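Quick one, fold the following:
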Amino acid sequence: MSTKRFRPVNELLKKYISIKLIVISMITAIISGSVIGGLIVLKLDLPEIRQLDQMRPPSITGIYSCDDTLLDEWFIEKRQQLSYSEIPELLIKAILTTEDRSFYSHNGVCIRGILRAIVKDIIAGKYVEGASTITQQLAKTLFLTNEKKITRKMKEAILAFQLERHYTKNEILTRYLNQVYFGSGAYGIKSAANIYFGKQINELTIAECALIAGLPKAPSWYSPLINIKKSRKRRNIVLRQMFDTGIISQTEYLSAKASDIQLKKKATSRNKPILFLDTVRAALEERFGSEYIYRKGLSVQTTINIDLQHIAENTVERHLKIIENRNPRLSPNNLQAAVVVIQNATGNILAMVGGRNQKDNYYNRALKARRQPGSAIKPLIYAYAIENNYSQTSLVLDAPVIYGKWRPENYSRKYSGDITLRKALALSLNIPCIRLLEELGLPPVLGFCKKLGIHVNTNQNLTFALGSSEVNLLELTKAYMVFPNKGIYISPGVIRQVKDRRGRMLWVHRPKKKWVMSKAGAAIMCDMLKAVVTQGTAKKAQKLDFPVAGKTGTTDNCKDAWFIGFSADICIGVWVGTDNNRVIGKRETGGRTALPIWIDIMKAGQNIFGKKNFEIPEDTMYVSVDVNTGKESQGRDSTLMLIKK
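The predicted model follows:
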C-alpha cells in the first residue's frame, strides 16, 4: 500500500511536536527566569550574613499576676559561648546523627532531603517535613521566622549558601549548638545541660546527650519539663540511631535506654508558682513561638491571683501533713494533692497546685495525672437526665442488681427501694446511678460528657457510673463549671493578655463559650448539688456562710479522694492520692480527705470575690417535696426543690 497519503499527517505531527517543544521551552524559560528573578529579589531582601557577630541581645519577658505583681522574668541566660573544642564529641555525633548526617558533605542544602520532604508533603497533602540542614536551621534561627511558606524556605536556602561561603563547617556547627533552641527557655547546649540536668556540658551521660540531641526537632513537644514520656520516647529513638551508626555499643545503648531521666531539682520558692508558670510557658510557646518569647520580650499578664495561690499551696501542705499523721504507714511525702481554682464567669485559672513542693516540681498532677474520679462523675449523668425530662423528684430503684459476673453494691450495702434522684445523688448511692445510666443509654451520656470537656474512652460500660473512666482534675472541674455558668461551657485559660516591649497589645484572651445545657437544667443541678452539702456526703461544707454545692468522689480502697464544688463565683477541684496508686488510708474518703482542703480554699476565695447566691431562671420554681416519695408535701421529710415550670 502506498504511504504517500500518510505524509501530510506525519508532517502535521512533526509540526505539532515542534510547536509543543517551543512552548515547553518558553514556559521553562519563564519559570526559570521567574525563579532566578525571585531569588535575586529575595537575596536583596535578606540580611547581611556579616551581621551574625553583631546580633542584638534578646529582651526580657515579664510574667505578671492578674493584679500585675511580677512573678518571673524569662530571658536567655547571659553565658560564654562554647568553642568547638569544648563540646564533647559524643554530643556532636548525637546531634549530627539525628539532625544532619550529611552535614560535612553538603553545601548548606541537601537536595536529596528536599526531594524526600516534597514527596512526603505531597502524600500528606500538607507541610509536614522541612528537610532543613543544620546550616539552614541556623539561618532560620538567626534571621528568619517559623512561618511555613515557600518564600521562607527559599530565603533559608540562600542564607545557608552564604553561611557556607563565609564560615567553616566547624564554625557553623559551633554557632548552631550555641544558638539553637532546646525547649523550656534553653538556647544552646550549655544552657540545655544546665536547665535540664544541672550539669556542665562535659558531665553529660550518653542518655543525656541523646535527650538533648532529640530536642531541636520539636523542643516544646519533647521537653522533659513539659512531657517526660514523649521526651523519653524521643531520647530512645536517638539512642537507637546512635547505635545503628556505630557511635555507641550495644551494651551502652541498652544501658542508656533503660536509664531514668534524672532532671535538675528546681529551687522551690513560695513566691513562684512553678508549675503554673510552666503551663503559661507552654501556652505562650504554642501561640507565639519560643523565638518571640525569649528574644523579643513580652509583658504577660496571667490569670493567677497570687494571694489565692499561696493560700492553696499552704492549705494543701497543711492538710496533707494531717492526713499523714493519722496514717503512719504512708511514706514521707508520698501523699500528693492537686488543686485548681477557676473563676466561673471568665474561665480564668486563679490558682493551680500540681503537687506538694518538697517532692517533685515537674509533674503537674492537676493537668497530667489521669485518675478514676469515683462518684465525682455522677453529677454529669444526673445532669443528662435532667436535660432529658427527668426531675429531682423522679424516682429510681435502689435495690440489688446483677450484671453477669458483676454485682455492684452501695458503699453502705444498704438499699432504700424507690428513691428520688435528689436523695440518690446527695447520698452518693451507686445502684440508682447505675440504673439511671442504663435507662438513659451509655452512648448519649458519653456524648454529653464530651460536650462538657471530658475526654472519655468510648470503650465503656455501666461501670462508668462509678467513675471507672480516668480523668484529670482540670477537665472534671471545668465540667462542673457549666452548672453555675447557666449551662455555658467555658474553656479555661492561664493568660489574660500579652503586650510587646513597647506596650502594644498583641493578644487578649477571649475564652471560647458554648451552650451545652439549658439554664433551667444547670440551675436544677446547682440545687441538687447543694443537697450534697446540706443532706449528703459533704455536710462539713455547711460551716461556710454562703451558698456552695459540689460532689465527693472516692475510688475503691480509698486510693483517690476528690471534691469538686463551686459557689456562684468560683469553682474549685481537689484531688488527693499517691503517685504509685497506693491506698491513702482506711476511710480516707473524698468527704474526709479532699473536702477540708476545698473548704479552706473556698473560704479564702470568697473573701476575695464575694458571696453571691445562685441565680434562679424564670422558667423554674421551688416546690415543697417529700425527699423520699418525690410528691409535693409539707411534712417533716419535705424540702424545697427546684423544678422546671
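
What helix or strand is Y196 located in?
helix 189-197 (DSSP states H and E).

so after that helix, what's the next helix or strand?
Heading C-terminal from helix 189-197 (DSSP H and E), you reach helix 206-213.

which helices and strands sit right next to the next helix or strand after that next one?
Of the helices and strands lying after helix 206-213 in sequence (DSSP H and E), the nearest is helix 219-222. Applying 3 or more Cβ pairs under 8 Å, 6 or more residues apart in numbering; DSSP states H and E, one finds that helix 219-222 contacts helix 228-244, helix 274-288. Any C-beta I mention is one placed from the backbone N, CA and C, and that applies to glycine too.

Of those, which is nearest S624?
With Cβ to Cβ as the measure, helix 274-288 is the member of the helices and strands packed on helix 219-222 nearest S624 (45.9 Å).

what comes up buried for the closest one?
Using 16 or more other Cβ atoms under 10 Å as the test for burial, helix 274-288 gives 274-285, 288.

what's it packed up against?
Going by 3+ Cβ pairs under 8 Å, 6+ apart, helix 274-288 lies up against strand 70-74, helix 219-222, strand 298-302, strand 349-353, strand 495-500.

avg pLDDT for the helix or strand following it?
Using DSSP H and E, the next helix or strand after helix 274-288 towards the C-terminus is helix 290-291. Average pLDDT, helix 290-291: 76.

List the contacts of stretch 508-523.
303, 346-347, 383, 386-387, 448, 451-452, 482-493, 495-498, 614-617, 619-620, 642, 644 (Cβ atoms under 8 Å, 6 or more residues apart in numbering).

Name only those of the residues you listed that count as buried.
For these, buried by 16+ other Cβ under 10 Å: 303, 346-347, 383, 386-387, 448, 451-452, 482-490, 492-493, 495-496, 498, 614, 617, 620, 642, 644.

contacting residues around F483?
379, 383, 522-523, 525-526, 529, 549, 566.

now with 7 Å?
Contacts for F483 (Cβ atoms under 7 Å, 6 or more residues apart in numbering) come out as 522, 525-526, 529, 566.

Partner strands of the helix or strand G62 falls within and their direction?
Using DSSP H and E, G62 sits in strand 61-64. Next to strand 61-64 in the sheet, as set by DSSP bridges, lie strand 70-74 (antiparallel), strand 298-302 (parallel).

and the angle from the first one to helix 274-288?
On the basis of axes from the mean of the first three to the mean of the last three Cα atoms, to 10 degrees, strand 70-74 is oriented at 60 degrees to helix 274-288.

who's in contact with the helix or strand that comes right after strand 70-74?
With elements assigned by DSSP H and E, the helix or strand that comes after strand 70-74 is helix 89-99. Helix 89-99 is contacted from outside by 103, 134, 177, 189, 204, 206, 209-210, 212-214, 216, 238, 241-242, 245, 247, using Cβ under 7 Å, 6+ apart.

got the buried residues for helix 89-99?
In helix 89-99, counting by 16+ other Cβ under 10 Å, buried: 90-99.

next one: stretch 328-341
For stretch 328-341, by 16+ other Cβ under 10 Å, it's 330, 335-341.

got the contact list for that stretch?
308, 312, 316, 320, 323-324, 349-356, 358-359, 365-366, 369, 473-474, 477, 570, 572-579, 584, 597, 601, 605.

what separates it from the chain centre, distance-wise?
Put simply, stretch 328-341 sits 22 Å off its chain's centre (Cα atoms, centre = their mean, to the nearest Å).

how about the helices in the stretch 251-400 of the chain?
Taking DSSP state H, counting those that start in this stretch as the criterion, the stretch 251-400 of the chain carries its helices at 274-288, 290-291, 306-326, 365-368, 378-387.

Also the stretch 451-600 of the chain?
Per DSSP H, counting those that start in this stretch, the stretch 451-600 of the chain carries helices over the ranges 473-480, 519-534, 595-609.

Could you dump those helices into a markdown table and include mean neighbour count and distance to A157?
Output for the helices of the stretch 451-600 of the chain, formatted as a markdown table (neighbours: other Cβ atoms under 10 Å; distance: least, Cβ to Cβ, whole Å):
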| stretch | mean neighbour count | distance to A157 |
| --- | --- | --- |
| helix 473-480 | 25 | 43 |
| helix 519-534 | 23 | 57 |
| helix 595-609 | 21 | 55 |
